[in-house]
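J.: Return a 3D structure for these sequence lines:
(2 chains)
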There are 2 protein chains.
Amino acid sequence: MLVLDGLGGVRTSTRGSEIAEANTPNLDRLATEGSSGVHTVVAPGITPGSGAGHMALFGYDPITYVLGRGALSAAGVAFGLKPGDVAARVNFCTLDDAGNVTDRRAGRIPTETNERLCRMITENVGLPHGVQAFITTEQEHRALLVLRGSHLSALIKDTDPQDVGVPPHPPTPVGPEATSTATVVEAFLDQVRKILHGEQANFLLLRGFDTHRELPSFHDRYQLKARGIAAYPMYLGLSRLVGMDTAPAKANWDEEMAELEASWDDYDYFFVHLKGTDSAGEDGDFERKCAAIEQVDGTLDRVRALNPDVLCVTGDHSTPAPLKRHSWHPVPFVMWGPTVGVDSVTRFNEESARGGNFGNQLAKDLMTFMLAAAGRLRTYGA
Amino acid sequence: MLVLDGLGGVRTSTRGSEIAEANTPNLDRLATEGSSGVHTVVAPGITPGSGAGHMALFGYDPITYVLGRGALSAAGVAFGLKPGDVAARVNFCTLDDAGNVTDRRAGRIPTETNERLCRMITENVGLPHGVQAFITTEQEHRALLVLRGSHLSALIKDTDPQDVGVPPHPPTPVGPEATSTATVVEAFLDQVRKILHGEQANFLLLRGFDTHRELPSFHDRYQLKARGIAAYPMYLGLSRLVGMDTAPAKANWDEEMAELEASWDDYDYFFVHLKGTDSAGEDGDFERKCAAIEQVDGTLDRVRALNPDVLCVTGDHSTPAPLKRHSWHPVPFVMWGPTVGVDSVTRFNEESARGGNFGNQLAKDLMTFMLAAAGRLRTYGA
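T.: This is a model prediction of the structure:
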């Protein structure tokens, strides 16, 4: 399963989508020799986040298996959440003297500054009720907060106002079971405000409070020994949440391909993730997104040479460069393998794919098709 | 959201559907610049009534939000149903001396006669258990009956036999909780039979017994300030059921367009309804249905000039002129707006639309697509 993050695009009045405009002879050959379709990631009209998109591609209904930002961030930094822990995604931010947010990302402080500030917080914070706080650097202004203690609840609203010129929201419980946790978070933030006084990054915005969730593993669900390969830690974290093995993040796509080849014989399933398509889409950089697609196209022969039972190339959602953000538009996919069947589609792009054998599908069903194509599912019913 | 009632048609061996045969340069241009699809209104193979069709287009699953004929009629005449009320749709009919139905519409009596007979009934009827009966003229042979009292139940079968040469059905309870209500309805009908003796319209047929239902409003569900515009009161009533504002029914499509333009700045969402397509379809008048479609086509520039975030043109069900009635056939739609995306469809009709980016959808999901295209939905999942 090759996932080009944010692959899907839109045709506008002036040009086609990125995948339609990119030069992709090998993906087109895959489409010619396999069967195509488009998938709806969550539900019609719904724009998925990265967690939901990958859960769906892994065959986990994203409406049943909801991952909050906190759990995703914990997965990304390989923080082992335990049952009862509460995790939140952290932005270091800048407040003015009146306490209003002037920069939600504190000028994207260097990761080293982030690490220094996290140490300061860890060394100086002391919470009531014996609650422990772990604050872990992700990158730049991003960090993870984990609270560990008894009777904690994740039913706390975001303190991130998603805007500047206003103060952060106070930590507000959504239900009565979260009242004491909100008090703990409030105490934490009061202390942090003093600890970070005078720094450019002088406060924290918290969002996506979440708890540990035990997900059924790939092995339990599919009897597959699975491996996740990515250049971004968060996607390795996502792989580990469903029980995939991972090696450290790779520096680029070529290294990811090399890891795929080197570990090929040891696994039944591979998830290989490309981030560049999504980043380029979010930046509105049409050409860079095309180039990222072409980079995958250029290495497709290496994947084919491994003779997979089934190969699926798709995205976890659309990130059309003209829109500069994730969108609700369905995502093309192509499936290729000896038992998949061939349709009359000869190009890999949204519109061609829609006319393929698979037509419209839900993303969560792609895994079933792959298992079927690999001969790993029994006949249903007598 | 422009709704051409009963828009969908069927191609026969001799010619295309109405929308395919109509001359619609502006709708075709919309299809060219936007994305098309077809929608299934309720479920595959199911023919929707007007209430179900509109509920679906408003984004209310028509299987969850069931509107009976009674509630629809009440909405149409702006009768304020209260909790506990039981409403039924009324046809004035003609019975022969043997008590068999000879005309289910009493020769489509003039509305004035209907009003006179309703007054006669109101003045002369007296029901047991303190139940009040309100009978309100709709149009021609159509009226609304509302019963108000304690412990009334709407679980009463239609008395309309849907046939001539047979007597009306007695009011039969579907469950034991409706036994006393059935007795009340029986008493009502016995009195009506005497009151109307000697009239051409000498009896009533009742169908669609229904109760008051509180529907979540457009504002609560979508945070939209919405307005409904129509030339027929029932569709304004439907709009009001979901909390839309309405002005009195307009005399024709041009007046509806004028209302749209005049109120454009005050609302977030508009539902504009054309009845002519459905009426022509029910009459089997192919050319008149084409002309109604062409009338909308001719004013499309006025809608585009308002610069909507998203424009959707569709129908609430199919009413193919060759079939002279509502049908189960999917309905074409086109969506147009800066974030919708473009497909290769260049004609607005059933067959072209099916090959568009949206493919097959459920009618209830069109509202989600519109909200997504207007940037009014949050990302799902982290």
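
J.: touching chain B at all, the helix or strand encompassing A:Met335?
T.: Per DSSP states H and E: A:Met335 is located in strand A:331-336. No. Residues of strand A:331-336 contacting chain B under C-beta under 8 Å from any C-beta of the partner chain: none, with a closest distance of 11.2 Å. (C-beta placed from N, C-alpha, C; glycine too.)

J.: which residues touch the residue in the stretch 251-382 of chain A that chain B sits nearest to?
T.: In the stretch 251-382 of chain A, no residue comes nearer to chain B than A:Trp328, which is 4.3 Å away by C-beta to the nearest C-beta. Applying C-beta atoms under 8 Å, 6 or more residues apart in numbering or on different chains to A:Trp328 gives the contacts A:44-47, A:318, B:369, B:372, B:377.

J.: Swap in 7 Å and give it another go.
T.: By C-beta atoms under 7 Å, 6 or more residues apart in numbering or on different chains, the contact list for A:Trp328 reads A:45-47, B:372.

J.: mind checking how far the strand holding A:Met335 is from the chain centre?
T.: How far strand A:331-336 lies from its chain's middle: 19 Å, per C-alpha atoms, centre = their mean, to the nearest Å.

J.: Also stretch A:169-182?
T.: For stretch A:169-182, the distance to the chain centre is 27 Å (C-alpha atoms, centre = their mean).

J.: how about the strands in chain A?
T.: Taking DSSP state E as the criterion, chain A carries its strands at A:2-4, A:35-40, A:86-95, A:101-103, A:132-139, A:142-148, A:203-211, A:226-229, A:245-246, A:269-274, A:311-314, A:331-336, A:359-362.

J.: which bits of chain A sit near chain B?
T.: Chain A has residues A:10-13, A:42, A:44-52, A:62, A:66-69, A:72, A:208, A:323, A:326, A:328-329, A:351, A:354, A:359-360 near chain B, with proximity defined as C-beta under 7 Å from any C-beta of the partner chain.

J.: circling back to that earlier point, buried deepest among the strands of chain A, which one?
T.: strand A:331-336 (a mean of 28; mean count of other C-beta atoms under 10 Å in any protein chain shown).

J.: From the contact counts, what lies against that strand?
T.: Strand A:331-336 is packed against helix A:25-33, strand A:35-40, strand A:311-314, helix A:350-354, helix A:366-373, with contacts defined by 3 or more C-beta pairs under 7 Å, 6 or more residues apart in numbering or on different chains; DSSP states H and E.

J.: Show me what the fourth one packs onto, helices and strands only.
T.: With contacts defined as 3+ C-beta pairs under 7 Å, 6+ apart, the packing partners of helix A:350-354 are strand A:35-40, strand A:331-336.

J.: partner strands of the last one, parallel or antiparallel?
T.: Paired with strand A:331-336 in the same sheet, following DSSP bridges, are strand A:35-40 (antiparallel), strand A:311-314 (antiparallel).

J.: These: which one's closest to B:Ile229?
T.: Taking C-beta to C-beta, strand A:35-40 is the member of the strands paired with strand A:331-336 nearest to B:Ile229, at 31.8 Å.

J.: so for the closest one, what's the average pLDDT?
T.: Taken as a whole, strand A:35-40 has a mean pLDDT of 98.

J.: Tell me what angle that strand forms with helix A:25-33.
T.: Between strand A:35-40 and helix A:25-33, the angle comes out at 100 degrees (axes from the mean of the first three to the mean of the last three C-alpha atoms, to 10 degrees).
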